[in-house]
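Trainee: Just a sequence and a predicted model for now, questions to come.
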Amino acid sequence: MLSLTLRDLWRKHRRKLFVTAGVLGSGYLLYKLYDARKHSLADVERELASERENDELIKAQLQAHFENIQRIADTTTLPHAMHYLSCRIAEELDLSPLTEMLKKGKDQPNSLSFSEKLELWDRLTILSFTRMVVSVWAVTMLSLYIRIQVNILGRHLYIDTACGLGSAHLHEDADLIERDDQQKYLAGADFLANHGMPVLISNVQVAATEVLKGKQLSDFFNTTVLHETVMQILDMFMNAGSPHRWVDCLMPEDSSVNKLSRTPSSDSTILSDFTKFNKLMFETKEVLSSAEFGSVVEVSLKAVVDALAEDTSIQSGGNSLASGMPLAKLLPRIAQIGPSLVDEPIKNRFIKIIQSVPEVELFFTLLYANMPAS
C-alpha cells in the first residue's frame with residue numbers, strides 16, 4: 001500500500017520534483033560561480049592594492065633620489081666648478097692693466113695722447129661688457145649643465161641599482177656604469193673653464209663690439225638701456241653661426257658622440273660598440289640641443305639679467321641709474337658687480353634665482369623622469 005502511494009505521488013509530482021531539483025541545482029551552481037567570482041575579484045583587488053603600494057613606494061623612492069641628486073649638484077659639484085670658473089674669468093678678463101694705464105694717463109697727462117686714451121677707454125668698455133656677459137652666460141649655463149649631468153647620471157644609476165636588486169625586466173637591458181666612466185663624465189663640468197673659455201670670450205667680445213659700436217663715454221645709460229644692451233649681446237652671441245654653436249663651449253666636439261647621433265636607434269650592433277660614457281655624453285648633447293632646453297636657457301638668462309640690472313642700480317645709488325648716468329661712470333660699477341656673478345653658490349643669489357625659475361624646476365623634474373618636456 002505504501003509503495004503504491006509513493007509511486008502514485010512520484011507519477012503525479014515527478015515533473016515538479018524535476019523542476020525543483022533543477023532550480024536547486026542551478027541555484028547551487030550559480031552560487032558556486034558567484035562565490036568563485038567573488039574570490040577571484042578579491043584576489044584581483046588585493047593584487048591591484050599591492051601594485052598601488054609598490055607604485056607609491058617607487059614614486060617615493062624616485063622623489064627622494066631626485067631630491068638627493070639636486071642636493072649633490074648644489075652642494076658638491078657646482079661649488080667646485082664655480083670656484084674654478086671664477087678664477088679662469090679673472091685670469092682671462094683682467095681689467096687692471098687697462099685701468100692702471102688710464103690712471104697713469106690721468107696722473108701723468110703727457111704719458112698718453114688723446115687718441116691713445118680714447119682707444120684705452122674703448123677697449124675697457126668692450127672688455128667690461130664682455131666680462132659681464134661672459135659671467136652671466138657662464139654662471140647660467142654651468143649651473144644648468146651640472147644639473148643636467150647629475151640628473152642624467154642619477155637616473156641611470158637608479159636603474160642600475162634596481163637591476164642589482166633583481167628587477168628582471170630591467171636586468172635584461174642592464175648596461176651598468178663603471179666608476180671611471182662616472183668620474184670622467186662628471187669631470188666634464190670643468191670643460192668650460194679648461195677649454196671652452198677662449199672661444200666663449202672671443203665670440204662674446206665680437207658680439208659686444210658690434211652692439212657697443214658708436215656708443216660714447218658721454219652717452220647716458222639707465223637701468224633699461226643697460227638691460228637691453230646686455231640682452232642684445234647675449235642674443236647676438238647665442239644666435240651667431242650654426243645652431244647651438246655655443247654647445248662647443250660646454251662640452252667637447254667628440255667624433256664618437258657625433259657618430260652616435262647619426263646612428264639609427266634600431267641599429268643595436270653599432271650602438272653596442274659605444275661605451276656607457278659615450279652614451280651619457282650623447283644624451284647630454286641631445287638635451288643641450290633640444291628646443292625645450294633652449295626655452296629654459298632663454299628664461300634663465302633673462303632672470304639673471306633682470307637681477308643684474310637691479311643690483312647695478314642699487315650699487316649706483318638707485319635713483320642715479322634710474323635717471324641715467326654717463327657710460328664712463330657706469331663702467332666701474334659694471335667691473336665691481338662682475339665677480340659677484342661667479343661667487344660661490346652658497347652666497348650667489350643669481351644661482352638661487354636660476355634654480356627658483358618655475359620652468360627650470362619643471363624641466364629637471366621631467367628630465368629625471370626621462371619624459372619629453374612640453
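Mentor: Structure received.

Trainee: Please count neighbours and contacts with C-alpha atoms only from this point.
Mentor: Will do.

Trainee: tell me the pLDDT at D248?
Mentor: D248 carries a pLDDT value of 92.

Trainee: count of residues packed around it?
Mentor: If you count neighbours by other Cα atoms under 10 Å, D248 ends up with 17.

Trainee: mind checking how far it is from H195?
Mentor: As judged by Cα to Cα, to the nearest Å, D248 and H195 stand 10 Å apart.

Trainee: Same question for L144.
Mentor: Distance from L144 to H195, by Cα to Cα: 18 Å.

Trainee: do G105 as well
Mentor: With Cα to Cα as the criterion, G105 and H195 are 36 Å apart.

Trainee: More neighbours: L144 and H195, which one.
Mentor: Remark: of L144 and H195, L144 carries more neighbours, 23 against 15, as counted by other Cα under 10 Å.

Trainee: quick one: secondary structure of the more buried one?
Mentor: What DSSP: H, G, I helix; E, B strand; the rest coil gives for L144 is helix.

Trainee: Please enumerate the helices of the stretch 101-250 of the chain.
Mentor: Using DSSP state H, counting those that start in this stretch, the helices of the stretch 101-250 of the chain run over 114-164, 168-171, 179-186, 191, 197-211, 223-239.

Trainee: now for the ones you listed, which one comes closest to R349?
Mentor: Of all the helices of the stretch 101-250 of the chain, it is helix 114-164 that lies closest to R349, at 11.1 Å by Cα to Cα.

Trainee: So, low pLDDT: which residues of the stretch 51-200 of the chain?
Mentor: Applying pLDDT under 70 to the stretch 51-200 of the chain flags residues 51, 54-55, 58-63, 65-66, 69-70, 160-176.

Trainee: what do you get if the cut-off is 90, keeping everything else the same?
Mentor: 51-81, 102-118, 150-187 (pLDDT under 90).

Trainee: tell me the contacts of the closest residue to A81 other than its chain neighbours?
Mentor: If the residues on either side of it in the chain are set aside, A81 comes closest to D190, at 6.0 Å by Cα to Cα, 6 or more residues apart in numbering. Shown in contact with D190 (Cα atoms under 8 Å, 6 or more residues apart in numbering): A81, Y84, L85.

Trainee: hang on, isn't V204 packed against M132?
Mentor: No - applying Cα atoms under 8 Å as the test, V204 and M132 come out as separate, 10.0 Å apart.

Trainee: higher neighbour count, these two?
Mentor: V204 (27 against 24).

Trainee: okay, that one: pLDDT?
Mentor: In this model, V204 carries a pLDDT of 97.

Trainee: From A138, how far out is it?
Mentor: Look at V204 and A138: by Cα to Cα, they are 11 Å apart.

Trainee: ok, now which ones touch the nearest residue to P326 once chain neighbours are set aside?
Mentor: Closest residue in space to P326, ignoring its immediate chain neighbours: F220 at 4.4 Å, by Cα to Cα, 6+ apart. By Cα under 8 Å, 6+ apart, F220 lies in contact with G324, M325, P326, L327.

Trainee: Buried ones from these, can you make that a ChimeraX selection?
Mentor: To isolate the buried ones among the contacts of F220 in ChimeraX, judged by 16 or more other Cα atoms under 10 Å, type:
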select :324,325,327
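
Trainee: Look over the contacts of F220 and name the one with the lowest pLDDT score.
Mentor: Confidence-wise, G324 trails the rest of those, at 85.

Trainee: Is that residue in contact with T224, as I believe?
Mentor: No - contact criterion Cα under 8 Å: G324 and T224 do not qualify, at 9.4 Å.

Trainee: A42 looks like it's in a helix, true?
Mentor: Yes - assessed with three-state DSSP, A42 lies in a helix.

Trainee: How many residues are close by G196?
Mentor: Applying other Cα under 10 Å, we find 18 residues neighbouring G196.

Trainee: List the buried residues for whichever strand or helix holds V296?
Mentor: Assigned by DSSP states H and E, V296 belongs to helix 291-315. Of the residues in helix 291-315, 293, 296-297, 299-313 count as buried by neighbour count, 16+ other Cα under 10 Å.

Trainee: related to what we said a few turns ago, reformat the contacts of D190 into JSON lines and put distance to P345 and neighbour count next to each item.
Mentor: Listed next are the contacts of D190 as JSON lines, based on distance: Cα to Cα, whole Å; neighbours: other Cα atoms under 10 Å:
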{"residue": "A81", "distance to P345": "10", "neighbour count": "23"}
{"residue": "Y84", "distance to P345": "12", "neighbour count": "15"}
{"residue": "L85", "distance to P345": "12", "neighbour count": "25"}
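
Trainee: neighbours of F221, just the number please.
Mentor: Neighbours of F221 using other Cα under 10 Å come to 22.

Trainee: hang on, isn't it packed against K329?
Mentor: No - contact criterion Cα under 8 Å: F221 and K329 do not qualify, at 9.5 Å.
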